[in-house]
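Undergrad: Return atomic coordinates for the entry below.
(one chain, ligands or ions: 1)
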Amino acid sequence: METVVSGIRPTGNLHLGNYFGAVKNFLKMQNDANCLFFVADYHSLTTHPHPDNLNATVKQVLAEYLACGLNPDVSAIYVQSDLPEVAELFLLLNMIAYTGELERSVSFKEKIRKDPDNVNAGLLTYPVLMASDILIHKAAKVPVGKDQEQHLEYTRNYANRFNHLYGVEFFPEPVAYNFGVNLVKVPGLDGSGKMGKSEGEGNAVFLKDEPDVIRKKVMRAVTDSGPTEPNQKKPEVIENLFTLMKLVSSDDTVQHFEDSYNNCSIRYGDMKKQVAEDMNIFVAPIREKIKEISSDDKLISKVVKEGAEKARESGRKTLSEARKIIGIRSF
Ligand code: TYM
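TA: Below is the predicted model:
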């Protein structure tokens, strides 16, 4: 059976970008593949979270994923640092990861631009740790959003390089996966780039957001003064609003607003009201589930304990084989 791995950094609450970029695809695969899902707490250390908050954020993210429908009876759900084998594989893969190549990573460049005072080695080698997360289970598919595409390229490079260096067919070449043709990039509400937790207040709609919060955020979304000619090409901010609408609204609703855009009768206020309403209908059951699961410490600790056991079984096997291939043998 095919193995599928995905993860998230515990740096804040889950938003619609996380859901439509990654979670939705993972959910679809749960019953047909060997699925593993983890919270990437090691990765989050690159931005130095306070020790008092780390555990609570990991727990919150776990609750939110479970609320989305991740099923611990079929998927292994674990915390990255509960799988120490991943840290050893990371060390081994670092020997075939070249610094020049890592310095060219788009997300590394973006991170050092945003926080030039914290250019730590963990940031540079972030793609190596991510490759380890995936290769430790010899995964074939990785459901992620568009922003992770380059990281998967690094993963394939390391898998290939390892196989070539040692003359083996050991690691598969995993692909970033989406059921649609393309990987998804969910836009933010502020008109700039993608939805993200670090992009500033009002950019992201979180799965825990109450209806009035969602309404406020959506009503503030950036638009323009409206089309002046029939069938005019949409500017990016308007295209983004339509992209968001397509995620949560029915085809008929989208078509209605497409038509009114094309005949210049569109009122963005009405469109935003509709988007907010449909987002709320989508988010409401997940939000209620989050509340229920967040207070169920017993459930969360059972899930991650069992998840870690399953993950370690597969991790130990891969690591012990990798060590042998490299020539690390006991006397
Ligand atoms: P992270 O924590 O930034 O995001 C988690 C997942 O959500 C997706 N995502 C989006 N997709 C579409 N549109 C958006 N606006 C959007 N924002 C976030 C991300 O693509 C991701 O799939 N490096 C990873 C975590 C990670 C990982 C891994 C993932 C560590 N090791 C191994 C898969 C496999 C990250 O920072 O995701």
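Undergrad: Can you list the residue ranges for strands in this protein?
TA: Secondary structure of the chain by DSSP state E: the strands cover 3-8, 34-39, 76-79, 141-143, 175-177.
Undergrad: could those strands go into TSV alongside mean neighbour count?
TA: In short, each C-beta sits where N, CA and C put it, glycine included. Output for the strands of the chain, formatted as TSV (neighbours: other CB atoms under 10 Å):
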stretch	mean neighbour count
strand 3-8	23
strand 34-39	25
strand 76-79	24
strand 141-143	24
strand 175-177	19
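Undergrad: Out of these, which is closest to the ligand?
TA: strand 3-8 (3.5 Å; CB to the nearest ligand atom).
Undergrad: what sits up against the closest one?
TA: 14, 18, 22, 26, 29, 33-40, 43, 61, 65, 80, 130, 133-134, 137-144, 174, 177, 314 (CB atoms under 8 Å, 6 or more residues apart in numbering).
Undergrad: Mean pLDDT and distance to Gly100 added to the strands of the chain, as CSV?
TA: Shown next, in CSV, are the strands of the chain (pLDDT from 0 to 100; distance: least, CB to CB, whole Å):
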stretch, mean pLDDT, distance to Gly100
strand 3-8, 97, 26
strand 34-39, 98, 29
strand 76-79, 98, 32
strand 141-143, 96, 25
strand 175-177, 94, 23
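Undergrad: how about the ones you listed in a markdown table, adding distance to Met219?
TA: Below are the strands of the chain laid out as a markdown table (distance: least, CB to CB, whole Å):
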| stretch | distance to Met219 |
| --- | --- |
| strand 3-8 | 28 |
| strand 34-39 | 33 |
| strand 76-79 | 36 |
| strand 141-143 | 32 |
| strand 175-177 | 34 |
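Undergrad: Is it possible to get the ones you listed out as a markdown table so that each row also shows distance to the ligand?
TA: Listed next are the strands of the chain as a markdown table, based on distance: least, CB to the nearest ligand atom, whole Å:
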| stretch | distance to the ligand |
| --- | --- |
| strand 3-8 | 4 |
| strand 34-39 | 8 |
| strand 76-79 | 12 |
| strand 141-143 | 5 |
| strand 175-177 | 8 |
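Undergrad: Out of those, which is closest to Leu207?
TA: strand 3-8 (12.2 Å; CB to CB).
Undergrad: Keeping just the C-alphas, turn that closest one into CSV.
TA: Taking C-alpha atoms only, strand 3-8 is exported to CSV below (Å, rounded to 0.1, in the frame of the first residue of the first chain):
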residue,chain,number,x,y,z
THR,A,3,2.5,5.6,2.0
VAL,A,4,1.4,9.2,2.5
VAL,A,5,3.0,11.7,4.9
SER,A,6,2.0,15.3,5.7
GLY,A,7,2.7,17.8,8.5
ILE,A,8,2.2,21.3,9.8
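Undergrad: From the chain's centroid, how far away is that strand?
TA: The chain centroid and the centroid of strand 3-8 are separated by 9 Å, computed with CA atoms, centre = their mean, to the nearest Å.
Undergrad: how far off strand 34-39 does it point, in degrees?
TA: 10 degrees (axes from the mean of the first three to the mean of the last three CA atoms, to 10 degrees).
Undergrad: how close does the closest residue in space to Ala159 that isn't next to it in sequence sit to the ligand?
TA: Nearest residue to Ala159 in three dimensions, chain neighbours excluded: Phe171, at 3.7 Å (CB to CB, 6 or more residues apart in numbering). With the distance defined as CB to the nearest ligand atom, to the nearest Å, Phe171 ends up 14 Å from the ligand.
Undergrad: Tell me who's in contact with Phe171.
TA: Neighbours of Phe171 in contact, by CB under 8 Å, 6+ apart: Leu135, Lys138, Tyr158, Ala159, Asn160, Phe162, Asn163.
Undergrad: What sits closest to the first one if chain neighbours are left out?
TA: The spatial neighbour of Leu135 that comes closest, neighbours along the chain excluded (CB to CB, 6+ apart), is Phe171 at 5.2 Å.
Undergrad: how many other residues sit next to Asn94?
TA: 16 (other CB atoms under 10 Å).
Undergrad: residues near the residue nearest to it when sequence neighbours are not counted, how many?
TA: Excluding the flanking residues, the one nearest Asn94 by CB to CB, 6+ apart is Val128, at 5.5 Å. For Val128, the count of nearby residues is 23 (other CB under 10 Å).
Undergrad: for Gly202, same thing?
TA: With other CB under 10 Å as criterion, Gly202 counts 16.
Undergrad: Which residues belonging to the longest helix seen in the chain are considered buried?
TA: Longest helix in the chain by number of residues (criterion: DSSP state H): helix 297-326. Across helix 297-326, burial judged by 16 or more other CB atoms under 10 Å covers 300, 303-304, 307-308, 310-312, 314-315, 318-319, 322, 325.
Undergrad: Could you single out the nearest of these to the ligand?
TA: So of the buried residues of helix 297-326, ranked by how close each gets to the ligand (CB to the nearest ligand atom), first place is Ala311, at 12.4 Å.
Undergrad: Surely that closest one touches Leu83?
TA: Yes - with contact defined as CB atoms under 8 Å, Ala311 and Leu83 form a contacting pair (4.9 Å).
Undergrad: Thanks a lot, see you next time.
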